[in-house]
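Enquirer: Next comes the sequence, and after it the predicted model I'd like to discuss.
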Amino acid sequence: MRSGHLGRWVAVAAALLLSGACAQTTTGVEGVSAQSPETVSPPAATGATPLVTATIPDPGASRQASVEPPSGKSPTKVPPPRLSDYTYAFPVTGCQVSYQRQLLVLPKTTIWTGKGCTFVSPVNGVVDEVNTANRWSAATDRGADREGRFVTVVGDDGVRYLGGHLDSVTAGIRPGVRVAAGQALGRVGTTGNARATGPNLYFAISWKTGPSSWWVRRGMVNPWRYLDAWLSGNRTLSPREETLATRARLGETPRCQVQCASKKEPRKKREPRATPDPVITITVNPT
């Protein structure tokens, strides 16, 4: 009896083993299909096909968006630092200018501009000298006459400023008249030894001396550093310290050393004296 039951259990176990082996040949490893991908059929649909939505990007969306600056007020302009207690003006106004920035013969500069442009006082001060006559002559080339018509101003800073080669002097400008920075003193021209060079302003910085020391007013301090500052907007750079230091080094009336001699005036030829007509005396004999 027991042997019969045992035989049936053995037969059942053998059948189970045989069926398991057959199943592996078709399904492979558990969870992995034994069929090739080409033969795998898609799963049967169990309901309605789901609706798939997507956003297609704009071809231009990949471009970087333009950056707009934030709105606000314009930048605040910061004035240049104040370097002295004096306020200056560039000596020519209303016209385009150019000028030398190197020492050629004298410590002065030539400001090239148009004829008739306005020469103005560089600083508040008092008119010192005015020459309204154009006395220069190429025959003599006197140093005192080379600037032609000119005006000098002694500023409140103690410095003397010269503007020469003027075409005309502004009405009312005379020695002792007080003027303000930027006030018109004359018009640019070609007087003096500039008559063959084109209109320009002879501009020089020095200190006050007597009229006989004309070579001092023609320039003792290089001016272009100060002209650069005044033209670019820094109106407080002052030549006072440099001028006083130069005067202390050279003296109040230093000796003339450059372009000092004048040409000798040519002698006038004497015209030959006219020969007087001979005196003829006629004696009449009495009869």
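Expert: That came in fine, so what should we check first?

Enquirer: show me where this structure has helices.
Expert: Per DSSP state H, the chain carries helices over the ranges 2-27, 214-217, 224-232, 240-250.

Enquirer: Lowest mean pLDDT across those helices, which one is that?
Expert: Mean pLDDT values for the helices of the chain show the minimum at helix 2-27, a mean of 54.

Enquirer: quick one: residue 110 and residue 68, what's the gap?
Expert: Separation of residue 110 from residue 68 (Cβ to Cβ, to the nearest Å): 50 Å. C-beta: built from backbone N, CA, C; applies to glycine.

Enquirer: Please identify which of these two sits among more neighbours.
Expert: Relative neighbour count places residue 110 above the other of residue 110 and residue 68, with 18 against 6, counting by other Cβ atoms under 10 Å.

Enquirer: The closest residue to that one other than its chain neighbours: neighbour count?
Expert: Excluding the flanking residues, the one nearest residue 110 by Cβ to Cβ, 6 or more residues apart in numbering is residue 200, at 5.0 Å. Other residues lying near residue 200 total 24 when counted by other Cβ under 10 Å.

Enquirer: for residue 109, same thing?
Expert: Using other Cβ under 10 Å, residue 109 has 24 other residues around it.

Enquirer: Verify the contact between residue 146 and residue 134 for me.
Expert: No. In this structure, residue 146 sits apart from residue 134 without contact. The criterion is Cβ atoms under 8 Å, and the distance is 10.9 Å.

Enquirer: what touches both of those two?
Expert: By Cβ atoms under 8 Å, 6 or more residues apart in numbering, residue 146 and residue 134 have these common neighbours: residue 192.

Enquirer: Identify each buried residue in stretch 173-186, please.
Expert: Within stretch 173-186, the residues that qualify as buried by neighbour count (16 or more other Cβ atoms under 10 Å) are 173, 179, 181-186.

Enquirer: just stretch 211-219 next, same as before
Expert: Neighbour-count burial for stretch 211-219, counted by 16+ other Cβ under 10 Å, picks out 213-219.

Enquirer: got it, and stretch 79-97?
Expert: Per 16+ other Cβ under 10 Å, stretch 79-97 contains these buried residues: 86-92, 97.

Enquirer: Residue 258 touches residue 106, doesn't it?
Expert: Yes. With contact defined as Cβ under 8 Å, residue 258 counts as touching residue 106 (5.8 Å).

Enquirer: Neighbour count for the two, which is higher?
Expert: When residue 258 and residue 106 are compared on other Cβ under 10 Å, the one with more neighbours turns out to be residue 106, at 16 against 11.

Enquirer: Can you check the pLDDT for that one?
Expert: Residue 106 is assigned a pLDDT of 91 by the prediction.

Enquirer: Once you drop chain neighbours, what's closest to it?
Expert: The shortest distance from residue 106 to any non-neighbouring residue, by Cβ to Cβ, 6+ apart, is to residue 219 (4.6 Å).

Enquirer: How about the contacts made by that neighbour?
Expert: When the contact criterion is Cβ under 8 Å, 6+ apart, the partners of residue 219 are 106-108, 162, 204-206.

Enquirer: same question, residue 149
Expert: Neighbour list for residue 149: 131-134, 164-169, 186, 189, 191-192 [criterion: Cβ under 8 Å, 6+ apart].

Enquirer: What score does it have for pLDDT?
Expert: Confidence at residue 149, expressed as pLDDT, is 98.

Enquirer: quick one: the closest residue to it other than its chain neighbours and residue 244, what's the gap?
Expert: Nearest residue to residue 149, sequence neighbours excluded (Cβ to Cβ, 6+ apart): residue 166, at 4.1 Å. Per Cβ to Cβ, residue 166 is found 28 Å from residue 244.

Enquirer: what about those two, which has more around it?
Expert: More neighbours surround residue 166 than the other of residue 166 and residue 244, with 29 against 15 (other Cβ under 10 Å).

Enquirer: Which ones among the buried residues of stretch 79-97 map onto strands?
Expert: Residues from these lying in strands, with DSSP state E as the criterion: residue 92.

Enquirer: OK, contacts around residue 253?
Expert: Neighbouring residues of residue 253 by Cβ under 8 Å, 6+ apart: 209-210, 213, 216.
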